[in-house]
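K.L.:
pasting the sequence and the predicted model now:
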There are 2 protein chains.
Amino acid sequence: MSQLENIITDVSRLFIGEAVPDFYYHDTYVKNIKPVYAVALPKSHEEVKALVRFAIEKDLVIIARGAGSGVAGAQVPIKGNELIIDLHLMNRIIQLDEETLTLTVEPGVLIGNIHDFVEKKGYFYPPDPASKHSTIGGNVATNAGGLRAVKYGTTRDYVREMTVVLPDGEEMTLGSLNIKSSSGYDLKDLFIGSEGTLGITTHLRLKLIPLPKANVTILQALETAQKATEATLEILKSGVDPSGVELFERSALHYAEENLGYPLKSQVGQAYLMISLDGNDQKELDGRIDTVQSVTKHLTLESHALNAEEAKKNWALRDNILLGLTKFTEFELLDEVVPINKFAELIEATKAMQEKHGLNVLNFGHAGDGNVHTLLMKDDLTEEAWTKKRAALLKDLYHKVDTLGGLPSAEHGIGIVKKEYMDNMTQTINLEYMRQIKKIFDPENRLNPDKIF
Amino acid sequence: MSQLENIITDVSRLFIGEAVPDFYYHDTYVKNIKPVYAVALPKSHEEVKALVRFAIEKDLVIIARGAGSGVAGAQVPIKGNELIIDLHLMNRIIQLDEETLTLTVEPGVLIGNIHDFVEKKGYFYPPDPASKHSTIGGNVATNAGGLRAVKYGTTRDYVREMTVVLPDGEEMTLGSLNIKSSSGYDLKDLFIGSEGTLGITTHLRLKLIPLPKANVTILQALETAQKATEATLEILKSGVDPSGVELFERSALHYAEENLGYPLKSQVGQAYLMISLDGNDQKELDGRIDTVQSVTKHLTLESHALNAEEAKKNWALRDNILLGLTKFTEFELLDEVVPINKFAELIEATKAMQEKHGLNVLNFGHAGDGNVHTLLMKDDLTEEAWTKKRAALLKDLYHKVDTLGGLPSAEHGIGIVKKEYMDNMTQTINLEYMRQIKKIFDPENRLNPDKIF
């Protein structure tokens, strides 16, 4: 063991064998009990390289990990004898460069801290996953999306440059400060969203944009999710360029209202849209509010442009759907995605599945980009019934997603929990080339093996 | 030869051996004289597949080609005995889907036709390379950029889905109608910008957005390119979100003014910016014009918000820089890119090189994304002196681009003319992985070999 202690000389950053805390055996929802060789918490790129070289010498498998806030099991040990490299102490914000509009960070910086840091200085890092305690490295590993992707895109669109340590201990820098490139293959986008299977990110340069000076939220009530999907299409086609179009069902909101102790501003209808608009000119924003209301008039029961306080309270309800539910039942959170015009069809299909399988289902999600968060609820089912019914429902659900032209994961990643569905829903030839690319970078299958595919 | 004629039964779509027109031996600037085996013009995905299989049987190298409007020699035969697959007859616009905001096209559709088609229906395909006669397939092959990339991104950002025929004759669909994905490696972005070395695109689904209802152009005169670069940074930081920030020097404009027979609206200063703004609300646009003028006031000599007729005339001058020059001299057009804050430093460096090498140089380009178009002019140099001086200057120039953190190509591709510089300016490890990826998809090196690297 002497070598590992030579690399990480500070004992508080090293856990070996049985000393590994329980924390490292699970992410938000997925737990595994394979014994871990050790957990090391490097503080520098050089320490990461040394750790990878150590793992090569000892023939250990490596898992790179950030905040442990994943939900797909991508960072959970499944092989036994893994060396976990926890990057959350590499959390320095290195430089805000106002001449290239970039922020240089280490991978362990929390996404909420990036938002706070740049917004104070008048800049904006748009990707906005619900978990503000996730790390930027983890966001890159899953190509995290969130609420603002409909206008601003996902994490992929904000990584200008990244340095990775490869499974052979070498390093590579992908991308650059250049905004355009037609200079060879795009290796950077291969690494983004690869869930820690190709390399370990140690350094990132992120694209920033100026912070919008004004924003507003419109809350709309609609009879059905189908009408909410139609309204979403009208909004997207109108040119108002919404920065968010969230859809949730009344049934999903119920738990948040219970938990926070106050009602949503609208109490009619079975489905709701919360539409965000941002910009720099309040009057122009008012014009866009009018446009939203006029193009959706034939579809909505109510439509409210919220004042600042209302917006805060109603967004808190939306954000509380998951937290609220936690107090009532165990659940499984999905993040399937379908073409935007299939959103309601998928939601309707989940209701038929709820009846068929006797398992309660809720839906909310990012209607503006077709990303549904379906929730399966355990309620008072036995562990056995829950496991069985859930498996049966998931099989139906992902089959339906597939027939709608969708994908198993929009923003959480495949990890281990969606591998089977990924396998069913991906063309064999695409999977085969993914495997061959994995083999190029990681011929010994050392880095997060058996995740994704 | 019977097989080839069995695949392409219409003789007007097949040229064999010496019947191959001269057109196929060159692109816009690059000519080669290696004999071509044949040129086939398929009209369907199935014909493309059959042609690739024919090439495999006969052990021929394949070059896929669109409009032949490339400028880097990527589609020029260099091996001898190539089968050229000319896709420009696969030029159907298949479907405008208003529910997914996508346009389905074949690869041979001209980019100008896409613009016209969707704009008539109120939609917008933002990528805007100068050559409206380039094909969308070619745009994807080079990740074409153009004037609007500063706001809207490049071709990469508008390809939702593409079907390719691979070098082994199999087919693969990359991407999907889904807006978000965290479902495995991003193979699609690997193919975009791969200059026809990995696969032949036969089918594309493009992302559309609503057409902005209003736009305006501001023309600014500045003392130097340095001041124009500083003004560009101020504009980008102000949040006005320009859809174009073009920079050109007075010396480059001279030829366009001569050619079109009228002057630019401003005649002071050595550098100019043309700034485009677009949106849906004219009043809000007026506010952004004020912002542009106020944040750049300390840097500009003149600043004019142009009326529609002025905008048209002054844009025609900008667009005529190359065409104007054609009438005066032979030239080489570059498309190097540097971080946005290095734009002026690069331009200044080219002037020192002009003195050092005795070769006239002009600059214009997309200041908003750091993409300089440097022009080397032959003027009345002998062929020998032109070749020698040009090579010496290019060596210096790309070295400078490299030291500024730039790349050899922003939007035209590497082809054959920039291979040497790409090789010098790219880390060995990145090049090595690009080569390994090429080998996965094309182990026999059949598809456009010896291009890029």
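P.N.:
Perfect, I can see it now. Residues are numbered from 1 along each chain as shown, chains lettered A, B, ... in the order given.
K.L.:
which bits of the stretch 1-150 of chain A sit near chain B?
P.N.:
For the stretch 1-150 of chain A, the contact set with chain B under CB under 8 Å from any CB of the partner chain comprises A:98, A:99, A:100, A:101, A:142, A:143, A:144, A:145, A:149, A:150. Any C-beta I mention is one placed from the backbone N, CA and C, and that applies to glycine too.
K.L.:
sitting in helices, which of these do you find?
P.N.:
When the residues of the stretch 1-150 of chain A next to chain B are checked against helices (DSSP state H), the matches are A:142, A:149, A:150.
K.L.:
ranges for the strands of the stretch 1-150 of chain A?
P.N.:
A:14-16, A:36-40, A:61-65, A:82-86, A:93-97, A:102-105, A:123-124 (DSSP state E, counting those that start in this stretch).
K.L.:
relative to the second one, what are the paired strands and their orientations?
P.N.:
Going back to what we said before, that points to strand A:36-40. With DSSP bridges as the test, strand A:36-40 is paired with strand A:14-16 (antiparallel), strand A:82-86 (parallel).
K.L.:
now the ones you listed in a markdown table, with mean pLDDT and mean neighbour count?
P.N.:
As requested, the strands paired with strand A:36-40 are exported to a markdown table (pLDDT from 0 to 100; neighbours: other CB atoms under 10 Å in any protein chain shown):
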| stretch | mean pLDDT | mean neighbour count |
| --- | --- | --- |
| strand A:14-16 | 97 | 18 |
| strand A:82-86 | 98 | 23 |
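K.L.:
any chance of those strands in JSON lines, plus distance to residue A:272?
P.N.:
Formatted as JSON lines, these follow (distance: least, CB to CB, whole Å):
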{"stretch": "strand A:14-16", "distance to residue A:272": "45"}
{"stretch": "strand A:82-86", "distance to residue A:272": "39"}
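K.L.:
and residue A:3, what pLDDT?
P.N.:
Turning to residue A:3, the model gives it a pLDDT of 88.
K.L.:
residue A:375 too?
P.N.:
Confidence score, pLDDT, at residue A:375: 95.
K.L.:
is it true that it touches residue A:251?
P.N.:
No: assessed by CB atoms under 8 Å, residue A:375 is found out of contact with residue A:251, at 10.0 Å.
K.L.:
pull up the overlap in contacts between those two.
P.N.:
Among the neighbours of residue A:375, those also in contact with residue A:251 (CB atoms under 8 Å, 6 or more residues apart in numbering or on different chains) are residue A:362.
K.L.:
more neighbours, those two?
P.N.:
Neighbours per residue (other CB atoms under 10 Å in any protein chain shown) separate residue A:375 from residue A:251, with residue A:375 holding more: 21 against 15.
K.L.:
packing partners for the host helix or strand of the more buried one?
P.N.:
Using DSSP states H and E, residue A:375 falls within strand A:371-377. Judged by 3 or more CB pairs under 8 Å, 6 or more residues apart in numbering or on different chains; DSSP states H and E, the packing partners of strand A:371-377 are helix A:321-326, strand A:331-333, helix A:343-357, strand A:360-366, helix A:383-403.
K.L.:
can you say which of these is nearest to chain B?
P.N.:
With CB to the nearest CB, the closest approach to chain B among those belongs to strand A:360-366: 7.7 Å.
K.L.:
the closest residue to residue A:168 other than its chain neighbours: neighbour count?
P.N.:
Once flanking residues are discounted, residue A:168 sits nearest to residue A:56: 7.1 Å by CB to CB, 6 or more residues apart in numbering or on different chains. The number of residues packed near residue A:56 is 15, by other CB under 10 Å.
K.L.:
what's the domain layout of chain A?
P.N.:
With domains defined by automatic domain parsing, chain A comprises A:2-86, A:93-210, A:214-320, A:329-428.
K.L.:
now the end-to-end length of the second one.
P.N.:
In this case it means domain A:93-210. Using CA to CA, to the nearest Å, the end-to-end distance of domain A:93-210 comes to 18 Å.
K.L.:
and for stretch A:156-176?
P.N.:
By CA to CA, one end of stretch A:156-176 lies 14 Å from the other end.
K.L.:
what do you get for stretch A:294-302?
P.N.:
Start-to-end span of stretch A:294-302 (CA to CA) is 12 Å.
K.L.:
same deal with stretch A:124-144?
P.N.:
Terminal residues of stretch A:124-144 lie 16 Å apart, using CA to CA.
K.L.:
ditto for stretch A:174-188
P.N.:
5 Å.
K.L.:
repeat that for stretch A:334-346.
P.N.:
13 Å.
K.L.:
distance between that stretch and the chain's centre?
P.N.:
Computed by CA atoms, centre = their mean, to the nearest Å, the separation of stretch A:334-346 from the middle of its chain amounts to 16 Å.
K.L.:
and that stretch, what's buried?
P.N.:
A:334-346 (16 or more other CB atoms under 10 Å in any protein chain shown).
K.L.:
how about residue A:402, what does it touch?
P.N.:
By CB under 8 Å, 6+ apart, the neighbours of residue A:402 are A:424, A:425.
K.L.:
and with 7 Å instead?
P.N.:
By CB atoms under 7 Å, 6 or more residues apart in numbering or on different chains, residue A:402 lies in contact with residue A:425.
K.L.:
look up how far residue B:160 lies from it.
P.N.:
17 Å (CB to CB, to the nearest Å).
K.L.:
swap in residue A:180?
P.N.:
20 Å.
K.L.:
how about residue A:19?
P.N.:
Applying CB to CB to residue A:19 and residue B:160 gives a distance of 49 Å.
K.L.:
repeat that for residue A:212.
P.N.:
Counting by CB to CB, the gap from residue A:212 to residue B:160 is 26 Å.
K.L.:
neighbour count: those two, which is higher?
P.N.:
Set side by side, residue A:212 and residue B:160 show more neighbours around residue B:160, with 22 against 18, by other CB under 10 Å.
K.L.:
circling back: between the ones in helices among the residues of the stretch 1-150 of chain A next to chain B, which sits nearest chain B?
P.N.:
Closest to chain B, out of all of those and judged by CB to the nearest CB, is residue A:142, at 5.0 Å.
K.L.:
which residue, other than its chain neighbours, is closest to that closest one?
P.N.:
Closest to residue A:142 by CB to CB, 6+ apart is residue A:413, at 4.0 Å.
K.L.:
shouldn't that neighbour be within a strand?
P.N.:
No: Residue A:413 is assigned coil when assessed by DSSP: H, G, I helix; E, B strand; the rest coil, not a strand.
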